[in-house]
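> Please work out how this folds:
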Amino acid sequence: MDMEAAGQRRQPPWLLTSHGEDNDNHAFYNVAENQLHATTIPELSKKYIYASTYGWLVLVDYSGECCIWNPESNEKVELPFLEDPLDYTNCVLSKPPTDPDCHVLFTSSFCRSFCQVGDDDYWFEEVEAGQGRLTLAVAAFKGQLYGFIGGRNQFVTVHFVYDTIEYRKIMIEKEGVRQPWRVPRLSASYKTHTEDFMMKSPCNNELLLVHRMCSTSYRYFDFKVFRLDVTRMEFEELKSIGDRTIFLSSRSTVECCSCSSSTGIKANCIYYTDLNGRDLYIYDLNDRGKTLLLPCPAASRSESMNFWIEHQVAQKLVHQHEHS
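Numbers count the residues shown, from 1 in each chain. You can find the predicted model right below:
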């Protein structure tokens, strides 16, 4: 059941910073309470966390060994070996891992790898630049995978058909003509690199598309946020997201939560961190200003890694290992 739909406010995620030799030190930062919990979790040593969803973590080690791990039950679902794991920037599960129809999709700007839980190997798709599939942001929403193809600014539904992925255009009617559902051209004066993120909004029938634009040095960046109503086939650029807060990171989960004024979370903001490094930024959609936080000063500036972890999963891991 959807927590927001059931009237339960989704708790904001925690930031996990893995650092030290083999990244075997783990610092969990509770953003809402400004608390840092330092521990060591063997299951996370030498691991990238590609997704935190449904109470599970998608773990990929440096060599390409993969699994989906449930810290609550300690259950593991083994996945096929993933060639060149650092090539991928995102992972999405179509359904909970306990569903036999769950598919796991790893994406990047130039390739996709996917499997169904229980498969022995991944199916691999190489992206041809001429096809306009340079980026693909994907989100699971109401039993369906939705995607945004950045090269064409086009919305699609994503389907696994045997050993292939089908990207089916979402068509709308505009001025009496059926045409693909698109976002207007995205641009910025200093844009040299872009990333797209798609996530479910606390509003029941909406997805959010976040477009990040940054300079080559990553020192300067800007965001655009779009609301997508997949029931009415409507979209609009949002100058404000109200009481909501967005949490983003490269190669990690993305979330959007409604935050009450009693928490330490700033509303109408985007909390963003790159995969490598220790920095956490707060981007304010009101004034387009940026604030830098250092939740884990002990971490290396360049050799640590950041991941957003679902609130209940992070809380469980910290409780288990602080009292073990």
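
> What distance do you get for the closest residue to Tyr54 other than its chain neighbours to Gln154?
In space, not counting the residues next to it along the chain, Tyr54 is nearest to Pro96; the distance is 4.3 Å by C-beta to C-beta, 6 or more residues apart in numbering. Any C-beta I mention is one placed from the backbone N, CA and C, and that applies to glycine too. Plainly put, Pro96 is 28 Å away from Gln154 if you go by C-beta to C-beta, to the nearest Å.

> next one: Gly242
Relative to Gln154, and taking C-beta to C-beta, Gly242 is found at 27 Å.

> Could you do Tyr54 as well?
28 Å.

> I'd like the average pLDDT over stretch 289-304.
Per-residue confidence for stretch 289-304 averages out to 87 on the pLDDT scale.

> List the buried residues of that stretch.
Neighbour counts over stretch 289-304 (16 or more other C-beta atoms under 10 Å) mark 293, 295-296, 299, 304 as buried.

> which other residues reach that stretch?
Judged by C-beta atoms under 8 Å, 6 or more residues apart in numbering, the contacts made with stretch 289-304 from elsewhere in the structure are 15, 17-19, 23, 25, 27, 29, 31, 36, 38, 221, 276-284.

> Quick check, pLDDT for Glu4.
41.

> repeat for the one 5 residues further on
pLDDT for Arg9: 61.

> ok, now Thr89?
Confidence per residue is given as pLDDT, and for Thr89 that number is 86.

> do the same with the one 10 residues further on
The confidence metric pLDDT takes the value 95 at Asp99.

> Which residue is most remote from the mean position of the protein?
In terms of distance from the mean C-alpha position of the chain, Gly176 ranks first, at 36.2 Å (C-alpha atoms, centre = their mean).

> Distance-wise, check it relative to Thr263.
Per C-beta to C-beta, Gly176 is found 48 Å from Thr263.

> try Asn23
Separation of Asn23 from Thr263 (C-beta to C-beta) stands at 29 Å.

> between the two, which one's more packed in?
For Asn23 versus Thr263, the count of surrounding residues by other C-beta atoms under 10 Å is larger for Asn23: 20 against 16.

> For the closest residue to the more buried one other than its chain neighbours, give me its contacts.
For Asn23, ignoring the flanking residues on the chain, the nearest one in space by C-beta to C-beta, 6+ apart is Met305 at 5.9 Å. Met305 makes contact with 17-19, 23, 48, 275-276, according to C-beta under 8 Å, 6+ apart.

> With Arg278 instead?
With contact taken as C-beta under 8 Å, 6+ apart, Arg278 is in contact with 17, 19, 294-297, 299-301, 304, 306.

> One more: Met198?
Going by C-beta under 8 Å, 6+ apart, Met198 touches 137-139, 146-148, 207-210, 254.

> same question, Pro100
Residues touching Pro100, when contacts are defined by C-beta under 8 Å, 6+ apart, comprise 117-118.

> redo that, cut-off 7 Å
Contact analysis of Pro100 by C-beta atoms under 7 Å, 6 or more residues apart in numbering lists Val117.

> Kindly report the same for Ser201.
Counting by C-beta under 7 Å, 6+ apart, Ser201 makes contact with 207-208, 256.

> now these in TSV, with pLDDT?
Putting those into TSV (pLDDT from 0 to 100) gives the following:
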residue	pLDDT
Leu207	92
Leu208	93
Cys256	84
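
> Ranking by neighbours, what's the top pick from those residues?
In terms of neighbours by other C-beta under 10 Å, the contacts of Ser201 top out with Cys256 at 25 neighbours.

> Report the beta-bridge partner residues of it.
With beta bridges defined as DSSP bridges, Cys256 has these partners: Ile246.

> Give me the lowest-pLDDT entry from the contacts of Met305.
Leu275 (67).
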